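Engineer: have a look at this fold, sequence not included:
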């Protein structure tokens, strides 16, 4: 995760990459990071370059739409609520100036700078660390989990003209780039939920684990009538057998429901008639009920 020096670290790294690529054949070439209206200011007044120069200007920052809505996974533990980072896309204007306004030299400088950025589509951690170890020693952009990518971002002629008109200076041939993504860590604390001190009532024994696939609740699997009869006579003294599982250890009631009954009829169950997988039931000979 990066700290608040990340934007300056990106600009410093870009400047160092371009400086290292400047050809020896162009004497006195420098790389500056000034607004376009300040890049050519001289003590004599006219806006004419006194040396060969490449200017790198950060003209816009934009919030990244995806990263701004989620905290970094490595910073938040399960159950915690983290703060999303400040996720930014940076937009740079790259302009070349040549001594005595020689366009051939300025085009050479611009081509060299664009070639360098083309060959470095991703800033490596080593490049960022070397560029910032002197001027920005406390920057930790090189430790960011997401790599920083350099992407050409061409503007229409209208947008480019409006951009230069903002600075009220003469237009120079330029190139624009997007640098993405820069993640600046939020300084707000991570919220941790309150610990669970008690669960349910005092009799709560917690989760009961059952090491088999048997249904833990009473379940009827078959109804066996006396002598395999298809129906039951009230005068039969032979009990009905209900075969199933988990009858013992649960409160078991046998209720007979029928559309002609206003209320269901409950049949008493004695302890001797109840087993784990079988329940015996005798229907009382009471036609009135």
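Structural biologist: Happy to help now that I have it. Note that the structure is a prediction, hence the values are computed from the model and not measured.

Engineer: show me how this structure divides into domains.
Structural biologist: 6-184, 219-281 (automatic domain parsing).

Engineer: looking at the ones you listed, which is buried most?
Structural biologist: Most buried of the domains of the chain by mean neighbour count (mean count of other Cβ atoms under 10 Å) is domain 6-184; its value is a mean of 16. For every residue, glycine as well, the C-beta is placed using N, CA and C.

Engineer: so which residues of the chain form strands?
Structural biologist: 30-32, 53-63, 86-97, 122-123, 148-152, 174-184, 219-224, 240-245, 254-256, 265-267, 278-281 (DSSP state E).

Engineer: these: which one's closest to residue 191?
Structural biologist: strand 86-97 (18.1 Å; Cβ to Cβ).

Engineer: I'd say residue 9 and residue 129 touch.
Structural biologist: No. Using Cβ atoms under 8 Å, residue 9 makes no contact with residue 129, being 9.5 Å away.

Engineer: show me where pLDDT drops low in the stretch 151-289 of the chain?
Structural biologist: For the stretch 151-289 of the chain, applying pLDDT under 70 flags the ranges 250, 289.

Engineer: now the helices: where do they sit in it?
Structural biologist: Ranges of helices in the stretch 151-289 of the chain, per DSSP state H, counting those that start in this stretch, are 157-166.

Engineer: swap in the stretch 1-150 of the chain?
Structural biologist: Taking DSSP H, counting those that start in this stretch, the helices of the stretch 1-150 of the chain run over residues 6-21, 36-39, 103-119, 125-132.

Engineer: quick one on the thing from earlier: redo the strands of the chain as a markdown table? Include distance to residue 207.
Structural biologist: Shown next, in a markdown table, are the strands of the chain (distance: least, Cβ to Cβ, whole Å):
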| stretch | distance to residue 207 |
| --- | --- |
| strand 30-32 | 65 |
| strand 53-63 | 45 |
| strand 86-97 | 41 |
| strand 122-123 | 49 |
| strand 148-152 | 48 |
| strand 174-184 | 40 |
| strand 219-224 | 21 |
| strand 240-245 | 21 |
| strand 254-256 | 30 |
| strand 265-267 | 33 |
| strand 278-281 | 28 |
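
Engineer: relative to residue 140, which of the ones you listed is closest?
Structural biologist: Nearest to residue 140, of those and by Cβ to Cβ, is strand 174-184 at 10.5 Å.

Engineer: and that closest one, what does it pack against?
Structural biologist: Other helices and strands packing on strand 174-184, by 3 or more Cβ pairs under 8 Å, 6 or more residues apart in numbering; DSSP states H and E, are helix 6-21, strand 86-97, helix 103-119, strand 148-152.

Engineer: which ones are touching the residue most central in space within the chain?
Structural biologist: Residue closest to the average C-alpha location in the chain (Cα atoms, centre = their mean): residue 70, at 4.4 Å. Contacts for residue 70 were tallied using Cβ atoms under 8 Å, 6 or more residues apart in numbering; they are residue 84.

Engineer: separation between it and residue 147?
Structural biologist: 18 Å (Cβ to Cβ, to the nearest Å).

Engineer: and residue 111, by the same measure?
Structural biologist: From residue 111 across to residue 147, the span is 26 Å (Cβ to Cβ).

Engineer: same thing with residue 128?
Structural biologist: Applying Cβ to Cβ to residue 128 and residue 147 gives a distance of 10 Å.

Engineer: please apply the same query to residue 201.
Structural biologist: Distance of residue 201 to residue 147, given as Cβ to Cβ: 54 Å.

Engineer: same question for residue 15.
Structural biologist: Applying Cβ to Cβ, the value for residue 15 to residue 147 is 19 Å.

Engineer: cool, and residue 158?
Structural biologist: Distance, residue 158 to residue 147, using Cβ to Cβ: 33 Å.
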